[in-house]
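>>> Based on what follows, work out the 3D shape:
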Amino acid sequence: MRRRALLAAAAGPAALASPRALPALDRPPSARPAVDVLLVLAVDVSRSIVEEEARLQRQGYGTAVCDPDVARAVRGGPTGAVGIAYVEWADFDRQRLVLPWARIASARDAAAWAEALAAAPLPPPATYTSISGAIDFARLVLAEAPWPAARRVIDVSGDGPNNDGDPAEEARDRAVAEGITINGLPILGHGPAEPTDPYLEDYYRARVAGGQGAFVIAAEDFAAFGQAVRRKLVREIVA
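Model (predicted):
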């Protein structure tokens, strides 16, 4: 049963649209410019992540997309552009498309994207951590991308293992079978007052990441999240 709906941010924060109804899909194929990579940023907002940490994740992505190293990586590709969609996820049936597809080809594009992300409402409280649900939802988002691309990537970040829905590796394998690469950004701790989870990085390598050129970059905690995001984006774009 299709139980998911995509939040079309361009239509307003409260507007819901099915994956078949995103406005960008109305252009004919001949009018669609290419991008070097289609990248779904799938970000954990489950119960263990408090509001301030959700803000830090968004700040990390907004700053990274505007970073000069990321801009150079974008300009260095054959088309000089990437496509990015931003998803927040939690339970197996709780995924939200916060920002639909945006074509990033200039500093102005990046700044507008970061501003839109900062202005988007924060997610409502959630409970579980369904990495498998996030991957399956991201596959739907990729299927509706408005531009062709040589590479399709799902970037999963989170602070814990899958504990809801299908096993993470089953969803990973479904995506890899479609030629999608999944990279991981595990967050190992919540700050100096709490212990880190050294096994989470191994979990992401074994059960989440997959596909051609897949990799995992860990963040020690949420304070280090933005720097890890920047490194990850440069590597994904240059690849």
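
>>> Look at Leu122 and tell me its secondary structure.
For Leu122, the assignment made with DSSP: H, G, I helix; E, B strand; the rest coil gives coil.

>>> Isn't it up against Leu56?
No - using Cβ atoms under 8 Å, Leu122 is not in contact with Leu56, being 11.7 Å away. Any C-beta I mention is one placed from the backbone N, CA and C, and that applies to glycine too.

>>> So these two - more neighbours on which side?
Leu56 (19 against 11; other Cβ atoms under 10 Å).

>>> tell me the pLDDT at the more buried one?
At Leu56, the model reports a pLDDT of 92.

>>> Buried residues of the helix or strand where it lies, list them for me.
Using DSSP states H and E, the element containing Leu56 is helix 51-65. Across helix 51-65, burial judged by 16 or more other Cβ atoms under 10 Å covers 53-54, 56-62, 64-65.

>>> Tabulate those (a markdown table), appending distance to Ala138.
Shown next, in a markdown table, are the buried residues of helix 51-65 (distance: Cβ to Cβ, whole Å):
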| residue | distance to Ala138 |
| --- | --- |
| Glu53 | 21 |
| Ala54 | 18 |
| Leu56 | 21 |
| Gln57 | 16 |
| Arg58 | 17 |
| Gln59 | 22 |
| Gly60 | 18 |
| Tyr61 | 15 |
| Gly62 | 19 |
| Ala64 | 18 |
| Val65 | 18 |
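
>>> between the residues you listed, which is nearest Ala218?
Gly60 (13.7 Å; Cβ to Cβ).

>>> Can you verify my assumption that that closest one contacts Val229?
Yes - using Cβ under 8 Å, Gly60 is in contact with Val229, at 4.6 Å.

>>> Output the below-cut-off pLDDT ranges for the protein.
1-32, 191-196 (pLDDT under 70).

>>> quick one, helices of it?
Ranges of helices in the chain, per DSSP state H, are 51-65, 68-75, 107-119, 131-143, 168-177, 198-203, 225-238.

>>> Residues in a beta bridge with the residue nearest in space to the middle of the chain, which ones?
Closest residue to the average C-alpha location of the chain: Leu41 at 0.9 Å, with Cα atoms, centre = their mean. Judged by DSSP bridges, the bridge partners of Leu41 are Tyr86, Asp155.

>>> Contact partners for Gln227?
Contact analysis of Gln227 by Cβ atoms under 8 Å, 6 or more residues apart in numbering lists 60, 219.

>>> Give me the distance between it and Gln59.
Distance, Gln227 to Gln59, using Cβ to Cβ, to the nearest Å: 12 Å.

>>> just Ala218 next, same as before
Computed as Cβ to Cβ, the Ala218 to Gln59 distance reads 19 Å.

>>> try Ala85
18 Å.

>>> Ok, Gly158 next?
17 Å.

>>> One more: Arg96?
18 Å.

>>> Then Arg205?
Using Cβ to Cβ, we find Arg205 at a distance of 26 Å from Gln59.

>>> Also Gly210?
On the measure of Cβ to Cβ, Gly210 and Gln59 end up 28 Å apart.

>>> One more: Val43?
Taking Cβ to Cβ, one finds Val43 at 12 Å from Gln59.

>>> now swap in Phe222 and tell me
Phe222 is 10 Å from Gln59, by Cβ to Cβ.

>>> same check, this time on Ser130
24 Å.

>>> repeat for Pro125
20 Å.

>>> Show me what counts as buried in stretch 182-192.
182-190.

>>> Likewise for stretch 64-73?
Quick answer for stretch 64-73 (16+ other Cβ under 10 Å): 64-67, 70-71, 73.
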